[in-house]
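In: Take this sequence and fold it.
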Amino acid sequence: MNPRILILLALCAAIPAWSQATGAGSPGTAGSPGTAGTAGTDEQADTPVANDGMLTPPPVSGQAYPILTGAEERTNYLGMGVTANIAYDDNVEGGYTGVSKGDMIYSFWPTVSLNRSSPRLREVLNYSPGFTIYQPSTVFNAADQNATANLQYLMGTHTEFDLSDNFDRSSSLFNQPFSSTQGAVTGGVPTQTSGALPPFAERILNAANAQFTNQTGDNGKFGLAATYSELNYPSQKEVMGLYNATSYEGSAFVTQRLTRRQYLGANMAHARIVSYLSGTDNVMQRDNIFGFYTIYLRNLQQSTLSLSITAGPEHYSIVQYPEALLAKWAPSGTVSLGWQAHESSASASYTRAVTGGGGLPGAYEEDGAQAMYRRQLRPTWGMNLGVSYSLNKSATPQYAFAVPGGHTIGASGSADHMLSKNIKISFGYDWMDQQYKAVVSLSPIPISNREYGSITYQITRPVGR
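Out: Predicted coordinates for the structure are as follows:
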């Protein structure tokens, strides 16, 4: 991750501030390895929102829907711990050798978490370096990194600045705070396609977002946002048929509160997505003009439920030397649902858009859907379910580097149990099927099954009192 971004986040953490609540709820950063649901009972209760200002609807909030249930959310604590994980995957080398071969995978994750609130600032920081060992495929052994940061600063009574960054360097798709199909469900249209995801290959993911919002009057609000994301595969030999990519997006929105629970607005966005091919680049630019509508079917302190619809025209253009420029219009949009109650949380979204990146060359018409559900069965027991689906069809089949496209389907389930205030065990199952015949690193054996178990020890201390 760019060191300047981390320095900026650290400096901002020293400013005493707090934000208005966003429509998507708190970002899912509390789910870092060993942090979900492990905060002690001596933590301070949530700081109240400083005013009863407008919410920022999920289509333009820049945040994911909450992963944790209301009973699990904590604030004003410092946590330190460690997670040990053991897993078995039946298809570690299938994408490289064409032979289905199982591996035992051992991971070790130290964790540090800070969650602090004051009347004008909320700061959530998580850092988890990881160490992963494969047997017998030791070529995949790696030291991984995962860091998330979110700062929300209330500059004035109704003026807010939000800065977030998520960084992941991993040797495995599954070595993340949550499995590949849990969390990160948002209400907005994604900039890059989800693309094809090699389960076992070193990759670097980094996404940074800055947003400024201001409430104008009793029922009006506007905002400006800038987003940067990077996908980098250090070893191209591990990902034959996939490519590095970066994206930049700037947007502006206005929204009007129609009633206490209904919001109507418009969003304009410009994005540039670059895929770095062999000897040339694929550059895609797109401009969107979206209208959106959000209704909070339930908006209480104990339970929230919102439905959002975003739709509008999209103009995109693609340049890939020496191919001719391609420019077209297409419809685009997202439907999303978010729910958080005392013992349950759930979110789901469906998106149709033309986009690029995600490791794939060219531009793609993507239909994508994902959903997650968490349930607190008992005070010490919890469960997670997740599904994801993406279908990508090439919008540039005439280009030299064109990949026809394909689909990715994933499903996962897990359960966790608090043995004591400081010790938690988890176990689960992940399944993934990726059908991309033109992607060499995925086509030989596209299906992967993984079973895993982990134990976490964590201590927490209250801060900010």
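In: Going by C-alpha atoms from here, please, whenever you check contacts or count neighbours.
Out: Noted.
In: check contacts around Met240.
Out: Each residue near Met240 by C-alpha atoms under 8 Å, 6 or more residues apart in numbering is listed here: 439-441.
In: What are the contacting residues of stretch 346-355?
Out: For stretch 346-355, contacts defined as C-alpha under 8 Å, 6+ apart pick out 65, 67, 185-187, 189, 191-193, 284, 286, 314, 316, 330-340, 363-374, 395.
In: which of the contacts of Met240 tops the neighbour count?
Out: Ser441 (28 neighbours; other C-alpha atoms under 10 Å).
In: Where does that residue sit: helix, strand or coil?
Out: coil (DSSP: H, G, I helix; E, B strand; the rest coil).
In: wait, it sits on Pro198?
Out: Yes - between Ser441 and Pro198 there is a contact at 7.1 Å, judged by C-alpha atoms under 8 Å.
In: Need the overlap of contacts for these two.
Out: Val239.
In: Okay, now the unreliable bits of the chain?
Out: 1-52, 94-100, 175-183, 443-444, 464-465 (pLDDT under 70).
In: What ranges does it have for its helices?
Out: If DSSP state H is used as the criterion, the helices of the chain fall at 3-12, 58-61, 94-97.
In: Correct me if wrong: Ile425 contacts Asp416.
Out: Yes - proximity of Ile425 to Asp416 meets the contact threshold set by C-alpha under 8 Å, at 5.6 Å.
In: can you map out the strands along the stretch 201-350 of the chain?
Out: 203-216, 220-232, 244-259, 262-276, 281-299, 304-320, 326-340, 344-357 (DSSP state E, counting those that start in this stretch).
In: and the third one, how far out from the chain's middle?
Out: What that stands for is strand 244-259. 16 Å (C-alpha atoms, centre = their mean, to the nearest Å).
In: do the same with the longest one
Out: For strand 281-299, the gap between its own C-alpha mean and the chain's C-alpha mean amounts to 16 Å (C-alpha atoms, centre = their mean).
In: Equivalent analysis for stretch 393-400, please.
Out: The answer for stretch 393-400 is 28 Å, by C-alpha atoms, centre = their mean.
In: What is the neighbour count of the closest residue to Tyr296 other than its chain neighbours?
Out: In this structure, Tyr296 finds its nearest non-sequential neighbour in Ser306, 4.2 Å apart by C-alpha to C-alpha, 6 or more residues apart in numbering. For Ser306, the count of nearby residues is 22 (other C-alpha under 10 Å).
In: what sits opposite Ser306 in the beta ladder?
Out: When bridges are called by DSSP bridges, Ser306 pairs up with Tyr296, Gly338.
In: what sits against it?
Out: Applying C-alpha under 8 Å, 6+ apart to Ser306 gives the contacts 294-298, 337-339.
In: now swap in Gln435 and tell me
Out: Shown in contact with Gln435 (C-alpha under 8 Å, 6+ apart): 406-408, 442-443, 446.
In: try Gly62
Out: By C-alpha under 8 Å, 6+ apart, the contact set of Gly62 is 186, 188, 209, 211.
In: could you measure it against Val124, distance?
Out: Distance of Gly62 to Val124, given as C-alpha to C-alpha, to the nearest Å: 15 Å.
In: likewise Ile289?
Out: Distance, Ile289 to Val124, using C-alpha to C-alpha: 32 Å.
In: more crowded one of those two?
Out: Counting neighbours by other C-alpha under 10 Å for Ile289 and for Val124 shows that Val124 has the greater number, 24 against 17.
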